[in-house]
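Undergrad: any chance you could fold what I've pasted below:
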Amino acid sequence: MGFLVYICPLKIHNAVYKENDRFSYRKILKQQPMPRKQVLSENDKKTLFNIPNAQEDIHARYVFSENDISIIRNNCRGSANRLGFAVLLSYMRFPGIVLPANADPDQMLLLYVSSQIGVAPSQWNNYGSAHETDFLAR
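TA: Purely as a prediction, here's the structure:
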């Protein structure tokens, strides 16, 4: 009889086995996963992942370089797609998240990004609503 430690993504399992016995991983997978430890409070998450309110902070975090503007203008067809790409790029850079589908961006961020690329902020409503985009997303 021996003592063996199995390490898997769910838990560290201790199992006692005999030399001829087979250990089934099905037993491990049927057990409940360990609860995740919450490191940040909800207030901390809001502080980390919210868009800044001050104009200086928005300018510091979301200014596009000439290379960025060139990529946005040359690789995106239509003003709605240019604005959508620029807003998503901004969210990916800070706070490092992907804007959920059908979510509206922060208005100050939308105004700042649209002024940089020369597209009306109202074009956000047209982003992703074209027939081709719906077809490709399925």
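
Undergrad: now for the helix or strand encompassing residue 74, which elements pack on it?
TA: Element membership of residue 74, judged by DSSP states H and E, is helix 66-75. Counting contacts by 3 or more Cβ pairs under 8 Å, 6 or more residues apart in numbering; DSSP states H and E, helix 66-75 is packed against helix 79-93, helix 107-117. Backbone N, C-alpha and C define where each C-beta goes, glycine included.

Undergrad: break this structure into its domains for me.
TA: For the chain, the domain assignment from automatic domain parsing gives the residue ranges 1-37, 52-137.

Undergrad: hmm, who's touching the helix holding residue 74?
TA: For helix 66-75, contacts defined as Cβ atoms under 8 Å, 6 or more residues apart in numbering pick out 64, 82, 85, 86, 89, 116, 117.

Undergrad: farthest pair within those residues?
TA: 85 and 116 (12.4 Å; Cβ to Cβ).

Undergrad: measure residue 83 to residue 34 for me?
TA: 43 Å (Cβ to Cβ, to the nearest Å).

Undergrad: thinking again about what came up before, turn the helices and strands packed on helix 66-75 into TSV, including mean pLDDT.
TA: Formatted as TSV, the helices and strands packed on helix 66-75 follow (pLDDT from 0 to 100):
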stretch	mean pLDDT
helix 79-93	95
helix 107-117	96
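
Undergrad: just name the most buried of these.
TA: helix 79-93 (a mean of 20; mean count of other Cβ atoms under 10 Å).

Undergrad: packing partners of that one?
TA: Using 3+ Cβ pairs under 8 Å, 6+ apart: helix 79-93 touches helix 55-62, helix 66-75, helix 107-117.
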